[in-house]
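# Below is the sequence, then the predicted model.
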Amino acid sequence: LNAERDKPAYIRMPEVFADRIPEKFKANKTTPVLAAMKGIYGLRESGHQWAQHLRRTLESAGLVPTRLEECVYTLRDKDPATHIRNGRILVLIAVYVDDLLICGKPENIKLVVRELVKHYELSKNERVNSFLGIDVEYTMGRDMRLSQQRAIERMMETFGIQENPRATTPLLASPILPPSEEEREESQNQVDLYRRKVGTLNWFAMATRPDLAHALSKLSRHLAAPSPTAIRNLHRTLAYLANTRHYEFVIARNNLSGCVLNGYSDASWGNNNLDPRSTSGVLLRLGQTPIFWKAQTQSLSSSSSMQAEFIAAALASDYIFYMRALLEEMGAEQEEPTLLRLDSTAAIGAVTSDTLTKATKFIAIRYHRIRDFVRDSVLKLSYVMSAENLADIFTKQQTIALFKEQLGHLALKVKE
């Protein structure tokens with residue numbers, strides 16, 4: 001991580017080196033400074049300098065960063081005639097600071113590793129079994145099972161979380177109410193701890209636990225002043241996570257179905273107890289495997305459920321547009337329009353209509369880009385019954401039976 005600097009940075013000598021101060025400085029009662037010739041922790045430019053150093057190293061091995069994600073690198077095959085690397089993708093590398101996840105055939109991975117060891121000392125050079133706190137297991141059918149059980153158990157120890165058999169869903173049935181003025185003042189002592197716990201939940205929800213997305217969306221609305229009901233629901237979510245720490249996120253090879261991107265969107269109109277805004281839910285999949293999920297409070301209030309569904313579909317369309325472009329750079333170009341399923345025929349009609357109606361003309365103009373995606377055959381909308389809408393779990397509280405049924409659609413299974 002200590003990349004070479006373009007110019008030195010001068011820093012005061014730390015007190016731990018006081019016994020190493022030369023005598024001439026002690027005589028003058030002056031404090032020497034140090035010239036940092038390499039990036040070190042605490043300097044503003046250190047992260048950028050390391051990223052640039054790693055980029056130069058990877059580019060020297062023939063890898064180039066994708067345009068949409070500079071932390072994702074690709075190595076393509078050379079054109080026999082021009083010797084330009086514009087052929088099929090041989091290696092993919094995902095970078096998180098100094099952790100590299102290298103994907104490809106073993107012989108191609110060895111070529112990249114051979115170049116990396118010239119510049120860095122690699123701690124591991126083997127099949128990945130853990131990455132950023134996510135444990136990876138492989139089955140005989142070459143499926144991957146991702147688990148964060150060890151990380152959850154560390155969280156339980158840190159916050160003193162205990163299992164609760166009654167916590168069968170992430171949230172309590174009662175709504176989360178805003179705090180009264182008296183409760184708002186009392187809650188200030190718990191704000192930091194509340195935020196730490198919600199931040200920890202956010203990591204799990206983003207990585208392998210889509211079943212936490214709706215609860216996290218609700219809890220995040222109370223970061224400034226958590227009410228007693230918000231704190232009780234937070235404890236419920238943590239207990240639920242402790243109960244289900246053995247869940248695994250399964251990536252099955254036969255569920256990828258040729259890497260065809262598809263999605264679901266849903267909205268819960270006016271279900272916010274703090275203000276009249278609705279909640280959007282988005283789920284994107286490759287084949288039948290979820291790759292992206294989101295529960296988000298809409299940025300403006302809607303006057304009807306159709307408008308709320310329209311805005312949710314527009315949010316999904318933005319992520320679909322981005323994901324299609326990224327998949328193309330990663331060698332999985334989508335040849336057909338991406339199918340987006342939603343449970344509102346009114347919203348589908350409003351998107352596909354050639355004219356603006358009274359119901360749609362008041363929707364913010366930025367959301368109307370979805371109409372261009374449909375016209376340009378980037379997106380195709382399809383109706384799905386509410387009971388079969390897989391994004392429904394991200395917008396509203398579910399019954400215990402329905403919640404457990406939808407876990408299978410989110411690739412979550414009990415560890416065997």
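Good, I have the coordinates. Quantities reported herein were computed from a predicted structural model and do not represent experimental measurements.

# okay, which residue is most central for the protein?
M206 (4.3 Å; CA atoms, centre = their mean).

# any idea which helix or strand carries it?
helix 191-207 (DSSP states H and E).

# Please state the offset of the one helix or strand T237 maps to from the chain centre?
T237 is located in helix 228-243, with elements delineated by DSSP H and E. Offset of helix 228-243 from its chain centre (CA atoms, centre = their mean, to the nearest Å): 22 Å.

# Could you name the helices and strands sitting against the helix or strand just after it?
Remark: after helix 228-243, the chain's next helix or strand is strand 247-251, criterion DSSP H and E. Judged by 3 or more CB pairs under 8 Å, 6 or more residues apart in numbering; DSSP states H and E, the packing partners of strand 247-251 are strand 144-147, strand 412-414. In this view, the C-beta of every residue, glycine as well, is placed from N, C-alpha and C.

# what about 10 Å?
strand 134-138, strand 144-147, helix 149-159, strand 289-301, strand 412-414 (3 or more CB pairs under 10 Å, 6 or more residues apart in numbering; DSSP states H and E).

# State the mean pLDDT of stretch 13-27.
Mean per-residue pLDDT for stretch 13-27: 71.

# Could you list the low-confidence segments of this structure?
Applying pLDDT under 70 to the chain picks out residues 1, 18, 24-31, 80-86, 125, 141, 256-257, 273.

# What are the boundaries of the helices in it?
23-28, 46-60, 106-116, 149-159, 181-187, 191-207, 213-219, 228-243, 305-329, 345-352, 369-375, 400-409 (DSSP state H).

# any chance of the ones you listed in CSV, with distance to E126 too?
CSV is the format used below for those (distance: least, CB to CB, whole Å):
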stretch, distance to E126
helix 23-28, 49
helix 46-60, 20
helix 106-116, 10
helix 149-159, 19
helix 181-187, 48
helix 191-207, 22
helix 213-219, 33
helix 228-243, 30
helix 305-329, 27
helix 345-352, 48
helix 369-375, 42
helix 400-409, 32
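
# Tell me which of the ones you listed sits most buried.
helix 213-219 (a mean of 24; mean count of other CB atoms under 10 Å).

# can you give me how far it is from the chain middle?
14 Å.

# just to revisit the earlier point, could I get the helices and strands packed on strand 247-251 as CSV with distance to G349?
Conversion of those to CSV gives the following (distance: least, CB to CB, whole Å):
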stretch, distance to G349
strand 134-138, 42
strand 144-147, 39
helix 149-159, 44
strand 289-301, 20
strand 412-414, 34
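
# which other helices and strands contact the helix holding T237?
Counting by 3+ CB pairs under 10 Å, 6+ apart, helix 228-243 packs on helix 149-159, helix 181-187, helix 191-207, helix 213-219.

# could you say what helices and strands the second one packs with?
Using 3+ CB pairs under 10 Å, 6+ apart as the contact criterion, the elements in contact with helix 181-187 are helix 228-243.

# mind saving the C-alpha coords of the helix it packs on as CSV?
Extracted C-alpha coordinates of helix 228-243, given in CSV (Å, rounded to 0.1, in the frame of the first residue of the first chain):
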residue,chain,number,x,y,z
PRO,A,228,-38.3,3.9,21.1
THR,A,229,-40.2,2.0,18.4
ALA,A,230,-37.2,2.4,16.1
ILE,A,231,-34.8,1.0,18.7
ARG,A,232,-37.1,-1.9,19.5
ASN,A,233,-37.3,-2.8,15.8
LEU,A,234,-33.5,-2.5,15.5
HIS,A,235,-33.2,-5.0,18.3
ARG,A,236,-35.7,-7.2,16.5
THR,A,237,-33.7,-7.1,13.3
LEU,A,238,-30.4,-7.9,15.1
ALA,A,239,-32.1,-10.8,16.8
TYR,A,240,-33.5,-12.1,13.5
LEU,A,241,-30.0,-11.9,12.0
ALA,A,242,-28.6,-13.8,14.9
ASN,A,243,-31.3,-16.5,14.5
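
# picking up where we left off before, quick one, the helix holding M206 and helix 228-243 angle?
40 degrees (axes from the mean of the first three to the mean of the last three CA atoms, to 10 degrees).

# And stretch 32-47, what's buried?
Buried residues in stretch 32-47, counted by 16 or more other CB atoms under 10 Å: 36, 38-39, 46.

# follow-up on the earlier one: specify the stretch among the helices of the chain that is closest to N262.
helix 305-329 (8.9 Å; CB to CB).

# Distance from the chain centre to that closest one, please.
With CA atoms, centre = their mean, you get 16 Å for helix 305-329.

# Which other helices and strands does that helix contact?
Against helix 305-329 (3+ CB pairs under 10 Å, 6+ apart) you get strand 72-78, strand 261-268, strand 277-286, strand 289-301, strand 338-342, helix 345-352, helix 369-375, strand 379-383.

# now the angle from the third one to strand 289-301?
I take that to be strand 277-286. Using the same axes, to 10 degrees: strand 277-286 against strand 289-301 is 160 degrees.

# Tell me which strands strand 277-286 pairs with, and in which orientation.
Using DSSP bridges, the strands paired with strand 277-286 are strand 261-268 (antiparallel), strand 289-301 (antiparallel).

# Need the CA coordinates for that strand. PDB is fine.
This file holds the C-alpha atoms of strand 277-286, laid out as PDB (Å, rounded to 0.1, in the frame of the first residue of the first chain):
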ATOM      1  CA  ARG A 277     -43.200   9.500   0.400                       C
ATOM      2  CA  SER A 278     -43.500   6.000  -0.900                       C
ATOM      3  CA  THR A 279     -41.000   3.100  -0.900                       C
ATOM      4  CA  SER A 280     -39.400   1.600  -4.100                       C
ATOM      5  CA  GLY A 281     -38.100  -1.900  -4.300                       C
ATOM      6  CA  VAL A 282     -35.800  -3.300  -7.000                       C
ATOM      7  CA  LEU A 283     -34.400  -6.700  -7.700                       C
ATOM      8  CA  LEU A 284     -32.100  -7.600 -10.600                       C
ATOM      9  CA  ARG A 285     -31.100 -11.100 -11.500                       C
ATOM     10  CA  LEU A 286     -28.900 -13.000 -13.900                       C
END
